[in-house]
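1. my questions are about this predicted structure, shown below with the sequence.
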Amino acid sequence: MTTETGHRAKLIDGKGFAAGLRQQVANRVAALKASHGIVPGLAVVLVGDDPASEIYVRNKGRQTLEVGMQSFEHRLGAETSQQALLDLVARLNADPAVHGILVQLPLPPHIESAAVIAAIDPAKDVDGFHIQNAGLLATGGRGLVPCTPLGCLMLLKEELGDLSGLDALVLGRSNIVGKPMAHLLLAENCTVTIAHSRSRNLPDLCRRADILVAAVGRPQMVKGDWIKPGATVIDVGINRLPAPEKGQDKTRLVGDVDFEAASLKAAAITPVPGGVGPMTIAVLLANSITAAERQSARESGE
Ligand SMILES: NC(=O)C1=CN([C@@H]2O[C@H](COP(=O)(O)OP(=O)(O)OC[C@H]3O[C@@H](n4cnc5c(N)ncnc54)[C@H](OP(=O)(O)O)[C@@H]3O)[C@@H](O)[C@H]2O)C=CC1
Ligand SMILES: Nc1nc(=O)c2c([nH]1)NC[C@@H]1CN(c3ccc(C(=O)N[C@@H](CCC(=O)O)C(=O)O)cc3)C=[N+]21
Ligand SMILES: [Mg+2]
């Protein structure tokens with residue numbers, strides 16, 4: 001597909017950036033081993049057998065080992081009680097070999113996610129979902145920052161440099177992506193708008209944005225003519241669509257943005273896959289080494 005001008009957006013290489021970030025994490029892991037004799041440990045808890053979550057957990061486990069950290073996987077049945085999960089979190093909080101804890105979301109409906117997140121030691125909350133970390137992000141403190149939005153911000157700064165004064169539109173207001181993304185962009189001096197399912201006139205809101213971050217979970221919802229010419233587009237969405245052309249029961253991943261059409265308008269855009277997803281895992285590892293460094297400094301009274 002081409003326009004009269006033949007313009008095509010630059011692809012933002014999240015996969016490549018993430019590989020570089022993991023190398024930096026590996027160097028920090030080696031340094032912490034050398035200085036304090038500590039091997040950082042990341043515990044991942046998966047409740048139930050959501051097939052998409054299975055893939056993430058497997059990728060995380062492999063990449064955790066590759067950067068030299070220990071990986072602890074806890075797979076619990078879908079019928080696990082909230083109390084049993086809280087008990088596991090308490091054991092992980094108390095375990096000195098565990099520096100980071102990630103409880104994969106969503107949890108089964110009989111478990112209250114907020115109660116589980118609140119039970120995680122904020123110093124080990126490498127997802128940055130605990131209210132203490134959310135509050136520190138909102139007030140400019142030094143907490144652990146949610147992985148996906150921080151990964152998006154890294155890509156934006158790499159692409160644009162200074163973000164000061166730019167109009168940013170965040171589509172989606174979840175606690176794990178949209179809201180923390182908005183706080184991060186505000187801290188970079190963007191003029192931030194947060195849009196959601198009750199927002200009126202989404203296309204016009206999007207057309208004003210120099211930076212558009214889409215995190216709605218609606219396949220290809222953002223159309224090409226919603227994009228301001230020259231905008232930078234970050235597509236957080238991970239949606240699986242049937243792909244009969246690849247064979248029976250096959251699927252393909254698409255984002256929340258109509259990638260082909262948006263590429264004709266935007267200056268730069270993240271692909272799905274290969275954009276934000278790999279950044280999420282790399283930032284998770286970066287948060288885990290940060291958590292381990294801070295815990296070891298605290299324990300040795302530094
Ligand atoms: N790449 C990665 O690493 C990650 C990807 N994801 C993906 O990002 C997407 C968003 O995730 P998450 O934030 O957890 O999703 P949620 O479902 O928690 O939130 C979706 C948000 O989008 C809004 N929304 C939904 N439909 C519309 C609509 N038609 N128009 C405008 N706004 C709408 C909702 O509005 P309202 O609040 O009004 O309901 C809500 O604020 C998903 O595709 C998810 O798979 C998520 C995490 C990590
Ligand atoms: N407590 C918690 N923290 C999370 O960070 C969290 C979560 N729960 N629940 C689910 C979402 C989703 N998520 C992704 C992570 C990596 C990819 C990823 O690596 N994607 C690759 C490939 C995906 C593939 O091929 O299947 C890509 O986009 O290129 C995607 C999505 C983290 N999440
Ligand atoms: Mg629930």
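-> All right, it came through fine. Numbering: from 1, shown residues only. Ligands and ions are numbered 1, 2, ... in the order given.
2. make it CA atoms for all contacts and neighbour counts henceforth
-> Noted.
3. what parts of the chain come near ligand 2?
-> By Cα under 6 Å from any ligand atom, the residues of the chain that approach ligand 2 are 56, 102-105, 127, 272-278, 280-281.
4. again, 8 Å this time
-> Taking Cα under 8 Å from any ligand atom as the measure of proximity, the chain contacts ligand 2 at 15, 52-53, 55-56, 59, 102-106, 127, 146-148, 176, 238, 253, 272-281, 284.
5. just those: which are in helices?
-> By the criterion of DSSP state H, membership of the residues of the chain next to ligand 2 in helices covers 15, 52-53, 55-56, 59, 147-148, 276-281, 284.
6. ok, so of the residues you listed, who is nearest ligand 3?
-> Distance to ligand 3 across these (Cα to the ion) is lowest for residue 53, with 15.2 Å.
7. just the buried ones from the ones in helices among the residues of the chain next to ligand 2?
-> For those, a burial check counting by 16 or more other Cα atoms under 10 Å picks out 15, 53, 147, 148, 276, 277, 278, 279, 280, 281, 284.
8. how many residues are close by the residue nearest to the first one when sequence neighbours are not counted?
-> This points to residue 15. Nearest non-adjacent residue to residue 15, counting by Cα to Cα, 6 or more residues apart in numbering: residue 274, 5.0 Å away. Per other Cα atoms under 10 Å, the neighbour tally for residue 274 reads 17.
9. who's in contact with residue 274?
-> If you count contacts by Cα atoms under 8 Å, 6 or more residues apart in numbering, residue 274 has them with 13, 14, 15.
10. got it, and residue 173?
-> Residue 173 makes contacts with 179, 194, 195, 196, as judged by Cα under 8 Å, 6+ apart.
11. enumerate the residues of the stretch 1-150 of the chain near ligand 3.
-> With Cα under 5 Å from the ion as the criterion, the stretch 1-150 of the chain meets ligand 3 at residues 109, 111, 112.
12. which of those residues count as buried?
-> Neighbour-count burial (16+ other Cα under 10 Å) is assigned, among those, to residue 111.
13. so, low pLDDT: which residues of this protein?
-> Low-confidence segments of the chain, defined by pLDDT under 70: 1-5.
14. which residues in it form helices?
-> Ranges of helices within the chain are 14-36, 51-66, 82-94, 113-119, 131-139, 147-160, 178-187, 202-207, 259-263, 276-299, based on DSSP H.
15. okay, those helices in JSON lines with distance to residue 230 next?
-> Formatted as JSON lines, the helices of the chain follow (distance: least, Cα to Cα, whole Å):
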{"stretch": "helix 14-36", "distance to residue 230": "19"}
{"stretch": "helix 51-66", "distance to residue 230": "33"}
{"stretch": "helix 82-94", "distance to residue 230": "46"}
{"stretch": "helix 113-119", "distance to residue 230": "39"}
{"stretch": "helix 131-139", "distance to residue 230": "29"}
{"stretch": "helix 147-160", "distance to residue 230": "12"}
{"stretch": "helix 178-187", "distance to residue 230": "19"}
{"stretch": "helix 202-207", "distance to residue 230": "11"}
{"stretch": "helix 259-263", "distance to residue 230": "10"}
{"stretch": "helix 276-299", "distance to residue 230": "20"}
